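J.: Any chance you could fold what I've pasted below:
(one chain, ligands or ions: 2)
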Amino acid sequence: MKTKTAFICQNCGTQSPKWLGRCPSCGEWDTMIEEVEEEVKAEYSFPPSEPLLYEEIEEPERERIKTRIDELNRVFGGGVVLGSLVLIGGEPGIGKSTLLLQVCRDFSILDEKVLYVSGEESLDQIKIRGERLGLGLKNGKLYLLAETNLERIISQAETLNPQILVLDSVQTVFSSKLSSTPGTISQVREVASQVFRFAKKNQVSSFLVGHITKEGSLAGPKSLEHVVDVVLYFEGERDHSHRVLRALKNRFGPVSEVAIFEMGTKGLQVVTNPSAFFLRERPEDAAGSAVICTIKGSRPLLAEIQALVSSTLFTGNPRRMTIGLDHFRTSMLLAIVEKKLGFSFAGEDIYINVAGGLAVDEPAADLGVMMAVVSCLKNKAIPPDLCIFGEVGLSGEVRSVSQALARVKEAHSLGFKKVVLPQGNFSLLEKEDIPDVKLMDVQNIKQAVGIIF
Ligand code: TYD
Ligand code: MG
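T.: Ligands and ions are numbered 1, 2, ... in the order given. Predicted coordinates for the structure are as follows:
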């Protein structure tokens, strides 16, 4: 019998009968890899289902296990649901193994039995990391296993019968049912779906670690997103110590919740006051700096926007650089500043940066970005106790944003005395809710410049 093979894009999972240099679906080059098309037999071990009346279906009790890290519990929607499958994705070296080891320690202290399987590191290496983290477990039930064969892992897990199972990483583990190499799309999918079945059958909360590259993924955990219950992404710049854990999908809780950690010498520590953390090195009375209030997940967060405008040294196109902001949106904001406020940037390089390596992807930052640029152009500092938020439209109008009160309160709790905000938001605020800050509402950017400078 001839083995049937197919070429599968390792980025997005598209199949093709013949080799292609470029994936027709996602456009990535050189990602098509030949894999044997295996027939995975459907398992009919479950009894056939029958239709049930809606009211006869009992609401399941979702029991959750809480970690000692409140921030993390919030990202999970109040703790890890029993029998759920969680995917934690992130670039290599970002801290996935560290986080999971810390979480496993917490679980084992809570007297849960934990099995941590590593396909990447030896037990010695994990122990070294554990000692560095100060795990110091004396009688916790944390079991380690160095193994890459999925069937063996599952059989060990069935014998040990833990409450928590961790697979680090999904790319190094392979199923002997398939002949393709570990890390290919078919292997990664097979591993995930077997672990999924194991998790549901035995009510074991399971975690899969998935490496992704900056560009998205190679043999992508992306293709697993629909298989698992919860998808968390761990992000951060390598040369900054903070890490953001974000929920992208959560069958049992809210999405886009974030937890912010700092990687230190003893592993990851929760940043309990992220706004203060991101503002801690802010220069006061420096031109070109503006404090904005953005929403990360369900929580307001203050951040500093820095702008620098300097003459282009060489003839040619002036540079427009942004770090932590959307490049196209920022170009649009700069065009509005030029057109509506009468500045001219021809022959000027412009650099805009969100301090601390934070990424801000919300239009509510618009007004702050523009005011940072104006502050630099005027060489006049924005008052250090003033915070700004508002979306800006093409004709220079300041538009209202979501969760205005939460933003105002966050600014107040960090000691800001004045807040510049959209008039549309201001008019809807209940006056008695407002904390003791001076609210300055604006309808367009001209007004904002008038009030701030
Ligand atoms: P790791 O958890 O191994 O990353 P991943 O599993 O995502 O690949 O984290 C590795 C990085 O974290 C490494 O550069 C060392 C650093 N680190 C610390 O700074 N402090 C610590 O206490 C630990 C354990 C790691
Ligand atoms: Mg790791």
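J.: For the helix or strand of the chain with the lowest mean pLDDT, which residues meet the burial criterion?
T.: The helix or strand of the chain with the poorest confidence is strand 32-36; it has a mean of 82 (mean pLDDT, DSSP states H and E). Residues 32-33, 35 are the ones in strand 32-36 that count as buried (16 or more other Cβ atoms under 10 Å). C-beta: built from backbone N, CA, C; applies to glycine.
J.: Could I get the full set of helices for the stretch 201-350 of the chain?
T.: Using DSSP state H, counting those that start in this stretch, the helices of the stretch 201-350 of the chain run over 274-279, 327-341.
J.: Can you name every helix or strand that the first one contacts?
T.: Just to be clear, that refers to helix 274-279. Contacting helix 274-279 under the criterion 3 or more Cβ pairs under 8 Å, 6 or more residues apart in numbering; DSSP states H and E are the following elements: strand 258-264, strand 299-311.
J.: With the last one instead?
T.: Contacting helix 327-341 under the criterion 3+ Cβ pairs under 8 Å, 6+ apart are the following elements: strand 320-323, helix 366-378, helix 445-452.
J.: Which strands or helices does whatever helix or strand comes next after the second one pack on?
T.: Past helix 366-378, heading to the C-terminal end, the next element that is a helix or strand (DSSP states H and E) is strand 386-388. Helices and strands in packing contact with strand 386-388 are listed as strand 289-296, helix 366-378, strand 418-422, helix 445-452; criterion 3+ Cβ pairs under 8 Å, 6+ apart.
J.: what pairs with strand 386-388, and is each one parallel or antiparallel?
T.: For strand 386-388, the paired strands and their directions (DSSP bridges) are strand 289-296 (parallel), strand 418-422 (parallel).
J.: so who does the residue of the stretch 151-300 of the chain found nearest ligand 1 touch?
T.: Residue nearest to ligand 1 within the stretch 151-300 of the chain: residue 267 (4.0 Å; Cβ to the nearest ligand atom). Going by Cβ atoms under 8 Å, 6 or more residues apart in numbering, residue 267 touches 98, 101-102, 132-134.
J.: run the last query once more with 7 Å
T.: 98, 102, 133 (Cβ atoms under 7 Å, 6 or more residues apart in numbering).
J.: just residue 441 next, same as before
T.: Applying Cβ under 7 Å, 6+ apart, we find residue 441 in contact with 421-423, 426.
J.: Need phi/psi at it.
T.: With angles defined as degrees, to the nearest 10, residue 441 shows backbone torsions of phi -90, psi 140.
J.: Buried residues in stretch 295-312, which are they?
T.: In terms of neighbour count (16+ other Cβ under 10 Å), stretch 295-312 has its buried residues at 295-297, 299-309.
J.: By pLDDT, rank these and give me the bottom one.
T.: Here the lowest pLDDT out of the buried residues of stretch 295-312 sits on residue 297, with 77.
J.: quick revisit: now flag whichever of the contacts of residue 441 is closest to ligand 1.
T.: Once Cβ to the nearest ligand atom is applied, the member of those that ends up nearest ligand 1 is residue 421, at 38.8 Å.
J.: my guess is the closest one meets residue 386, correct?
T.: No: using Cβ atoms under 7 Å, residue 421 is not in contact with residue 386; the gap is 11.1 Å.
J.: between these two, who's got more neighbours?
T.: For residue 421 and residue 386, the more surrounded residue by other Cβ atoms under 10 Å is residue 421, and the numbers stand at 27 against 20.
J.: Local confidence estimate at the nearest residue to residue 383 once chain neighbours are set aside?
T.: Excluding its sequence neighbours, the residue lying closest to residue 383 (Cβ to Cβ, 6 or more residues apart in numbering) is residue 418, at 6.8 Å. Residue 418 is assigned 96 on the pLDDT scale.
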